[in-house]
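J.: with the sequence up front, the predicted model follows.
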Amino acid sequence: MKNMTDFPSQAPLLEVTGLETAFEIDGELYNAVDGVSFNVKPKQVLGVVGESGCGKSVMSLSIMQLLPKGIGKIRNGQITFNGQSLEKLDDKKMNKIRGKDIGMIFQEPMTSLNPVFTIGFQLAESLHNHFKLSKKEARGKVIELLDQVGISRPERVVDEYPHQLSGGMRQRVMIAMAIACKPKLLIADEPTTALDVTVQAQILELLQGLQETNDMAIILITHDLGVVAETCHEVLVMYAGEVVERADVVTLFENPKHPYTELLMRSIPRLDEEEEKLASIEGIVPSLKNMPRQGCKFVDRCPKAMEECRTITPRLSENLPGHEVRCLLYETSWNREGMSAK
Amino acid sequence: MAELADKTNLHIKPQKRMSPWAVARRKFMKNKLAMVSLFFLMTISILSFLAPYITTADISRVNIGSMSLEPSAEHWFGTDKSGRDVFTRLLYGGRVSLLVGISCTMLIIMFGTLIGALAGFFGGLVDTMLMRFTDFILNFPLLVFVIVLNAVFFGKLGGVPVLIAVISVLGWGGVARLVRSKILSEKENEYILSAISIGSRPSKVILKHLIPNVLSTIIVQATITFAAMIVVESGLSYLGFGVPAETPSWGNMLSASREPDVLQNMPWIWIPPALTLIITILSINFIGEGIKDALNPKSLR
């Protein structure tokens, strides 16, 4: 199923370096995304995992420049898409990219469609925004799109209202909307979280199929490692706004390094092992205001925490080729550097 | 099996295909009170606006020969103290009152929606500035302003357009606040984010996505405003600060009852405009209530 192509030779489609996105709370800026860097190559599926509040969604909104105005803003870092610096573009220029070159799917299919318009009307909007089309042409294209995302009887659904569709169908419509202009990159922000398990599998299959036929790259944001294992080529594990581990999917599942990743793996329910209680990670992600300024941000929840973890901030370093980890356990140089810093 | 499925589909098709507006229209048609009100309002409007074709009597000429006549076959509602036919003046008066009401409502709704939508959608500094301006407008005393303007422009500019302009300029504050609050909650919905994410411009997001979703509130507010504006016009005219005295309007006609003699002994002069005014305003409110019920997805009717 998984197409384990090697990507290193290709130039990246999206390059994010040192991205810092901050929110203003009581007049002070707090980083929700704290120095995240990664690449997405053409046709690559990148998984971003992490629990609620770790900055996954904020990161995706940053790429699309959809942060709530006046509250959230990009402080630092570059987002380069196809040679263009997105963070420097104004809204007008960004609007030409949104929907055309980068598509986005949201978590909540129930509220992602405008209740007062028909499906056809909303899908056509995406086309009208970027192409000059007559109404008839747009309608034909919309029906084609609905068919492509696996909706049966597209000629009828095109004239229906969102409330007449089920959650799974709405998510299919959302996907159709996002891919209407054949974007090179699709950002899927927890596309299956609100759906039930059988529908989840169908939606993932659909995304994979579209990725192959449309030759697009996907950033799949999720908190479900099962989803990652099924669909992604490479995985970023995020915690508290930082990337804590990055590896290709096979390596990550066979050999998770960071204690957080290990714990995440352990909390996947397994049918083949008999366990009374599902493993969980104690505690929650510290809130933006209470984020430790020094040392590892995971230290309070980490079973392998050492004394040094509180004082020395770990760096994301390449442990093995193509496998980066942010943990003192794997940082060989921390001892000397840490000492010399003191 | 497939045949059966087809049949069931066909069976539910007409019901399922209805747009939210069609559902609301059907609900509204079932509301008897609202329908009667609508019928009454339409009749009044048509009669008023076709007044020149219905009666040929001159509305402003003083007729000394027929002063203060009681209702008769010739003068259905009698004549007033200047000998003018009350029925004719009632029709022409409706013209002015309804015109003022509709024009003010349209201007107020348009302006209020525009300001409210901009403030709600953009937020931040835009919101603060527009809303402080709205507060300023809301605090402005309408009556004093109208009286002063009336004094300034007396006889220089036509009365009715000036009155419409003044009422509208000072009246949009409440609508702006209401629309802003609705837009604020509506814009949090993910479909707004998804509309922006497919590259829709802010103007398109506001006009195509936000306003249609708050339209039900705006429509209901429009009916309330309509009724209120007719009352404002009548009140001002009654006090002598509204429509110029020689132009008939329901308020102007009512002002005749300021004379105790008319109030006590000549009820035919003031009862027709008073009753028409009351029933018109009631009708508008019932229609508004009907629309509110019809647009509310949770109402059972």
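T.: Sure thing, it's come through. Numbers count the residues shown, from 1 in each chain, chains lettered A, B, ... in the order given.
J.: wait, isn't A:Ala279 in contact with A:Glu262?
T.: No: counting by CB atoms under 8 Å, A:Ala279 stays clear of A:Glu262, with 10.3 Å between them. Quick note: C-beta positions are derived from backbone N, CA and C, even for glycine.
J.: the two: which is more packed in?
T.: A:Glu262 (17 against 12; other CB atoms under 10 Å in any protein chain shown).
J.: give me phi/psi at the nearest residue to that one once chain neighbours are set aside?
T.: Nearest residue to A:Glu262, sequence neighbours excluded (CB to CB, 6 or more residues apart in numbering or on different chains): A:Pro256, at 4.9 Å. Backbone torsions for A:Pro256, taken as degrees, to the nearest 10, come to phi -70, psi 140.
J.: what about the longest helix in chain A?
T.: helix A:197-214 (DSSP state H).
J.: tell me the buried residues in that helix?
T.: By 16 or more other CB atoms under 10 Å in any protein chain shown, the buried positions in helix A:197-214 come out as A:199-200, A:203-204, A:206-208, A:210-211.
J.: same check, this time on stretch A:45-56
T.: Counting neighbours by 16+ other CB under 10 Å, stretch A:45-56 gives A:45-51, A:53-56 as buried.
J.: ok, that stretch near chain B or not?
T.: No: Stretch A:45-56 lies out of reach of chain B by CB under 8 Å from any CB of the partner chain, never closer than 15.5 Å.
J.: end to end on that stretch, go ahead and measure it.
T.: The first and final residues of stretch A:45-56 sit 15 Å from each other (CA to CA, to the nearest Å).
J.: ok now that stretch, how far from the chain's centre?
T.: 6 Å (CA atoms, centre = their mean, to the nearest Å).
J.: okay, now A:Pro68: neighbour count?
T.: As a burial measure, the neighbour count of A:Pro68 was computed by other CB under 10 Å and equals 13.
J.: how much space separates it from A:Val33?
T.: When CB to CB, to the nearest Å is the yardstick, A:Pro68 and A:Val33 sit 14 Å from each other.
J.: with A:Gly150 instead?
T.: Plainly put, A:Gly150 is 34 Å away from A:Val33 if you go by CB to CB.
J.: equivalent analysis for B:Asp135, please.
T.: As it turns out, when the distance is counted by CB to CB, B:Asp135 lies 38 Å from A:Val33.
J.: so for those two, which sits in the more crowded spot?
T.: Taking B:Asp135 and A:Val33 together and counting by other CB under 10 Å, A:Val33 has the greater number of neighbours (30 against 13).
J.: quickly list what the more buried one is bridged to.
T.: On DSSP bridges, the residues paired with A:Val33 through beta bridges are A:Thr21.
J.: you'd agree it is up against A:Glu20?
T.: Yes: under the criterion of CB under 8 Å, A:Val33 lies in contact with A:Glu20, with a separation of 6.3 Å.
J.: near chain A, which residues of chain B are found?
T.: Among all residues of chain B, those adjacent to chain A (criterion: CB under 8 Å from any CB) are B:16-17, B:19-20, B:122-124, B:189-191, B:193-202, B:204, B:208-209, B:212-213, B:215.
J.: quick one: contacts for the residue in chain A positioned nearest to chain B?
T.: When CB to the nearest CB is the measure, chain A has its nearest residue to chain B at A:Gly99, with 3.4 Å between them. The neighbours of A:Gly99, taking CB atoms under 8 Å, 6 or more residues apart in numbering or on different chains as the test, are A:126, A:129-130, A:178, A:180-181, A:183, B:197-200.
J.: measure A:Thr21 to A:Thr313 for me?
T.: The spacing between A:Thr21 and A:Thr313, counted by CB to CB, is 19 Å.
J.: quick one, which of the two is more surrounded?
T.: Neighbour comparison, A:Thr21 and A:Thr313: the larger count goes to A:Thr21, with 25 against 18 (by other CB under 10 Å).
J.: right, and the more buried one touches A:Val58 too?
T.: Yes: between A:Thr21 and A:Val58 there is a contact under CB under 8 Å: 5.4 Å.
J.: identify the contacts common to these two.
T.: With the criterion set as CB under 8 Å, 6+ apart, the overlap between the contacts of A:Thr21 and A:Val58 is A:32-33, A:67, A:72.
J.: which single one of those residues is nearest to A:Pro292?
T.: Each of these was scored against A:Pro292 by CB to CB, and A:Ala32 proved nearest at 15.1 Å.
J.: which SSE is the closest residue in space to the closest one that isn't next to it in sequence in?
T.: Excluding the flanking residues, the one nearest A:Ala32 by CB to CB, 6+ apart is A:Val58, at 4.5 Å. Remark: A:Val58 resides in helix A:56-64, with elements defined by DSSP states H and E.
J.: spatially central residue for the chain, please.
T.: In the absence of a named chain, this looks at chain A. By CA atoms, centre = their mean, chain A has its centre lying nearest to A:Ile221, at 2.7 Å.
J.: if you could check chain B rather than the one you did, that'd help
T.: B:Phe226 (1.6 Å).
J.: surely that one meets B:Ser103?
T.: No: look at B:Phe226 against B:Ser103 with CB under 8 Å: they stay out of range, at 10.3 Å.
J.: elements contacting the helix or strand containing A:Glu15?
T.: Take DSSP H and E as the rule and A:Glu15 turns out to sit in strand A:14-25. Based on contacts counted as 3 or more CB pairs under 8 Å, 6 or more residues apart in numbering or on different chains; DSSP states H and E, the elements that strand A:14-25 packs against are strand A:28-40, helix A:56-64, strand A:72-81.
J.: out of these, deepest packed?
T.: Neighbour counts (mean count of other CB atoms under 10 Å in any protein chain shown) averaged over each of the helices and strands packed on strand A:14-25 peak at helix A:56-64, with a mean of 22.
J.: quick one: it to strand A:72-81, angle?
T.: Interaxial angle, helix A:56-64 versus strand A:72-81 (axes from the mean of the first three to the mean of the last three CA atoms, to 10 degrees): 60 degrees.
J.: list the helices and strands helix A:56-64 packs on?
T.: Applying 3+ CB pairs under 8 Å, 6+ apart, we find helix A:56-64 packed against strand A:14-25, strand A:28-40, strand A:45-49, strand A:72-81, strand A:102-105, strand A:185-189, strand A:217-222.
J.: after the fifth one, next one along is what?
T.: Remark: after strand A:102-105, the chain's next helix or strand is helix A:119-130, criterion DSSP H and E.
J.: how far out from the middle of the chain is the helix or strand B:Met29 falls within?
T.: B:Met29 is located in helix B:20-30, with elements delineated by DSSP H and E. How far helix B:20-30 lies from its chain's middle: 21 Å, per CA atoms, centre = their mean.
J.: for A:Leu46, which residues are in contact?
T.: Residues in contact with A:Leu46, defined by CB under 8 Å, 6+ apart, are A:38, A:40, A:217-220, A:232-236.
J.: just B:Gly290 next, same as before
T.: Listed by CB under 8 Å, 6+ apart, the contact partners of B:Gly290 are B:28, B:31, B:33-35, B:37-38.
J.: do A:Pro286 as well
T.: With contacts defined as CB under 8 Å, 6+ apart, A:Pro286 is in contact with A:240, A:292, A:297, A:300.
J.: pull out the buried members of the residues you listed.
T.: Burial by neighbour count, 16+ other CB under 10 Å: within the contacts of A:Pro286 this picks out A:240, A:297.
J.: surely B:Ser237 meets B:Ala256?
T.: No: B:Ser237 is not in contact with B:Ala256 according to CB under 8 Å; the separation is 11.2 Å.
J.: which one of those two is surrounded by more residues?
T.: In this view B:Ser237 and B:Ala256 are compared by other CB under 10 Å, and B:Ser237 has more residues nearby, 28 against 19.
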